[in-house]
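# here is my input; please provide its structure:
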Amino acid sequence: MQQAPQNGIYDDSINPLRLCRITYKDQQYQEMVASPGDFGIEGFTKLDGVAFQCYCPDTHYTQKELYEKQRDKITKDLEKLRAYENEISRRMGNTKIREWVFVTPLITDNKLLSHAQTKQVEVVTWGLSIIDPEFKVILQDADYFATEINAIQTAKGKKITLFSALELESQAEEQEVSEYEKNISKKNKVRCTFNGALDEEKHLKLNRITSNKWLKNDTFLKEIEKNASEIYFHVLRAINQYESEVEELCITWRGDAEELISKVRDELAQRLSEATPTLGEAEIYRIADQMTSKWIALCPLGIE
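As a prediction, the model looks like this:
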């Protein structure tokens with residue numbers, strides 16, 4: 001497992017392995033300590049053969065980068081089941097792996113589901129002694145453990161908050177200037193340069209505004225997912241479809257930076273309105289506005 005830093009996606013109070021121990025204690029959860037080696041399993045349940053592997057990104061990725069990192073992690077760790085079949089068998093005894101659960105803070109691209117299904121079929125064809133004939137690859141994000149996360153935080157005297165994998169606002173405020181903040185500053189410098197002179201006061205204010213909008217984006221989308229899952233599906237699909245076009249639009253853009261940002265924001269709002277006619281106008285514009293700020297931070301929206 002990639003260790004999660006204190007200023008990253010997980011802190012010790014919401015360590016994924018700790019969550020597994022709590023959630024699956026009645027199924028005789030056993031932790032697979034990574035010594036003398038990493039066998040592609042970090043824990044398993046003896047009663048029903050559920051194995052767990054965790055991936056906690058320690059940085060902020062674009063949607064495409066996150067998908068690729070998660071996809072490659074799944075592929076690499078499933079291969080270890082074949083490479084270390086005998087070692088795993090000695091540790092699991094008669095228990096066969098019925099489900100291999102990939103635990104990660106956030107899943108943003110449904111192509112990961114497709115990849116999981118492809119690998120599931122492939123693993124079964126290997127005919128390993130440690131694999132159940134009904135073997136499944138399962139993906140779980142942080143929301144699956146929401147109850148356990150809140151219980152742990154409450155026990156530690158912390159207030160219950162919404163958990164969002166790629167942005168923990170309270171932690172982000174404490175971090176040093178990072179790559180996404182540099183992106184915001186660089187692009188906003190173009191927006192705040194008038195007649196060849198940078199207005200530093202406006203630049204700083206705009207950086208704060210852009211960062212705040214971006215940091216609130218994932219939490220707001222999680223609220224929609226929680227309260228209106230069907231609407232959330234259409235919102236996410238509209239965002240994903242348009243995001244793939246934004247980078248190309250920026251490459252060919254020949255106008256003013258503010259005109260570009262307005263075009264991206266307004267066109268996204270239009271697509272969200274068409275995809276989710278039951279969603280209020282204020283909510284649609286808020287999503288489009290926050291998403292535009294996120295794209296400024298994470299690079300799909302390029303401003304030269």
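# how many residues are close by residue 203?
Residue 203 has 16 neighbouring residues, counting by other Cβ atoms under 10 Å. C-beta here means a position set from N, CA and C on the backbone, and glycine is covered the same way.
# for it, which non-adjacent residue is spatially closest?
residue 192 (4.1 Å; Cβ to Cβ, 6 or more residues apart in numbering).
# show me what whichever strand or helix holds residue 183 is packed against.
Following DSSP states H and E, one finds residue 183 within helix 179-191. Counting contacts by 3 or more Cβ pairs under 8 Å, 6 or more residues apart in numbering; DSSP states H and E, helix 179-191 is packed against helix 200-227, helix 257-275, helix 281-298.
# ok, which stretches of this structure are helices?
Along the chain, counting by DSSP state H, helices occupy 16-23, 63-83, 85-92, 111-125, 146-155, 169-172, 179-191, 200-227, 229-252, 257-275, 281-298.
# and of these, who's closest to residue 101?
Among the helices of the chain, the nearest to residue 101 by Cβ to Cβ is helix 16-23 (8.6 Å).
# pLDDT of the closest one, averaged?
Average pLDDT, helix 16-23: 67.
# pick the most buried one from the helices of the chain.
helix 281-298 (a mean of 20; mean count of other Cβ atoms under 10 Å).
# can you list the helices and strands packed on helix 179-191 in TSV and add mean pLDDT and distance to residue 107?
Shown next, in TSV, are the helices and strands packed on helix 179-191 (pLDDT from 0 to 100; distance: least, Cβ to Cβ, whole Å):
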stretch	mean pLDDT	distance to residue 107
helix 200-227	85	12
helix 257-275	93	20
helix 281-298	90	17
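# quick revisit: can you list the helices of the chain in TSV and add distance to residue 48?
Putting the helices of the chain into TSV (distance: least, Cβ to Cβ, whole Å) gives the following:
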stretch	distance to residue 48
helix 16-23	13
helix 63-83	17
helix 85-92	12
helix 111-125	17
helix 146-155	18
helix 169-172	35
helix 179-191	41
helix 200-227	28
helix 229-252	27
helix 257-275	39
helix 281-298	39
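# how about the ones you listed, which one is nearest residue 105?
Nearest to residue 105 among these is helix 16-23 (8.4 Å), distances taken as Cβ to Cβ.
# any idea which of the helices of the chain gets closest to residue 102?
Residue 102 lies closest to helix 63-83 among the helices of the chain, at 5.6 Å (Cβ to Cβ).
# what is the closest one packed up against?
Packing partners of helix 63-83 (3+ Cβ pairs under 8 Å, 6+ apart): strand 97-103, helix 111-125, strand 131-140.
# CA atoms only for the last one, dumped as PDB, please.
The C-alpha coordinates for strand 131-140 follow below in PDB (Å, rounded to 0.1, in the frame of the first residue of the first chain):
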ATOM      1  CA  ILE A 131      -9.200 -18.000  -6.300                       C
ATOM      2  CA  ASP A 132     -12.900 -19.000  -5.900                       C
ATOM      3  CA  PRO A 133     -14.700 -19.900  -9.200                       C
ATOM      4  CA  GLU A 134     -17.100 -17.000  -8.500                       C
ATOM      5  CA  PHE A 135     -14.300 -14.500  -8.100                       C
ATOM      6  CA  LYS A 136     -15.200 -10.800  -8.300                       C
ATOM      7  CA  VAL A 137     -13.300  -7.500  -8.500                       C
ATOM      8  CA  ILE A 138     -15.100  -4.800  -6.400                       C
ATOM      9  CA  LEU A 139     -14.400  -1.100  -6.300                       C
ATOM     10  CA  GLN A 140     -15.100   0.900  -3.100                       C
END
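# quick one: residue 211 from residue 186, how far?
Relative to residue 186, residue 211 is positioned 13 Å away (Cβ to Cβ, to the nearest Å).
# then residue 31?
Taken as Cβ to Cβ, the span from residue 31 to residue 186 is 44 Å.
# what's the answer for residue 108, then?
Remark: distance between residue 108 and residue 186 (Cβ to Cβ) = 24 Å.
# do residue 92 as well
Taking Cβ to Cβ, one finds residue 92 at 51 Å from residue 186.
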